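**Q** with the input below, show me the fold.
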Amino acid sequence: MRLRSDQRHRFDAAPDELWDAMVSVDQFQRWWPWLRRFRASGVQRGDVWTATVQPPLPYRVRFDLLLTEVVAPHLVAVDVTGDIEGAARLEVHGNGAAGGSELHFTSELTPTSSMLRAVARLAPPVARFGHEWVLNTGLEQFRSQAL
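**A** Numbering: from 1, shown residues only. Modelled structure (predicted):
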């Protein structure tokens, strides 16, 4: 099972302001209490972030993010390894005459741990719920606390 995401979200903040919030790695655990463990030195190509996420399900997801491309203030691309693997991208664009900015998030992830593969195979809606809960809850918490 592959979990694919393609989401666009508008913000009243200018692209530089949105970017500054997105790269405030020292705030991530404060914004997202379900982020049980997080380690990051910065937002540079080659940096590796280590995370453990606890969705509202009886399992945790552990993974590393290798930042493969960083173009401030527009793009972060990562390779994901661990209990899930794949790739993800965050792109920041100006919102033209409307002002503000747009965040475009894409990802394609596959469970690799035996437990997550079993959940995905036996209960695909549960796997999708956990993935979507982290993305949607994370977005709302970011929007309300970071900007």
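
**Q** going by C-alpha atoms from here, please, whenever you check contacts or count neighbours.
**A** Noted.

**Q** how close does residue 85 get to residue 117?
**A** 12 Å (CA to CA, to the nearest Å).

**Q** overlap in contacts, those two.
**A** Overlap of the contact sets of residue 85 and residue 117 (by CA atoms under 8 Å, 6 or more residues apart in numbering) consists of residue 111.

**Q** extract the CA atoms of stretch 75-93 and return them as CSV.
**A** Taking C-alpha atoms only, stretch 75-93 is exported to CSV below (Å, rounded to 0.1, in the frame of the first residue of the first chain):
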residue,chain,number,x,y,z
LEU,A,75,11.3,24.3,-1.4
VAL,A,76,12.2,21.4,0.9
ALA,A,77,12.4,17.9,-0.6
VAL,A,78,13.2,14.8,1.6
ASP,A,79,13.8,11.1,1.3
VAL,A,80,12.0,9.2,4.1
THR,A,81,13.4,6.0,5.6
GLY,A,82,12.4,3.9,8.7
ASP,A,83,9.0,2.5,9.5
ILE,A,84,7.8,4.3,6.3
GLU,A,85,9.8,5.1,3.2
GLY,A,86,9.4,7.3,0.2
ALA,A,87,9.7,11.0,-0.6
ALA,A,88,8.0,14.2,0.2
ARG,A,89,8.1,17.9,-0.9
LEU,A,90,7.0,21.2,0.5
GLU,A,91,6.8,24.1,-1.9
VAL,A,92,6.0,27.7,-1.0
HIS,A,93,4.5,30.0,-3.6
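
**Q** do me a favour and average the pLDDT over that stretch.
**A** Averaging pLDDT along stretch 75-93 gives 98.

**Q** go on, stretch 56-67?
**A** Here the average pLDDT along stretch 56-67 is 96.

**Q** next, the buried residues of the lengthiest helix in the chain.
**A** Secondary structure assigned by DSSP state H gives helix 124-146 as the longest helix of the chain. Within helix 124-146, the residues that count as buried by 16 or more other CA atoms under 10 Å are 127, 128, 130, 131, 132, 134, 138, 142, 146.

**Q** these two touch, right, the second one and residue 2?
**A** Looking back up the chat, that one is residue 128. No. Here residue 128 lies out of contact with residue 2, judged by CA atoms under 8 Å, at a distance of 9.5 Å.
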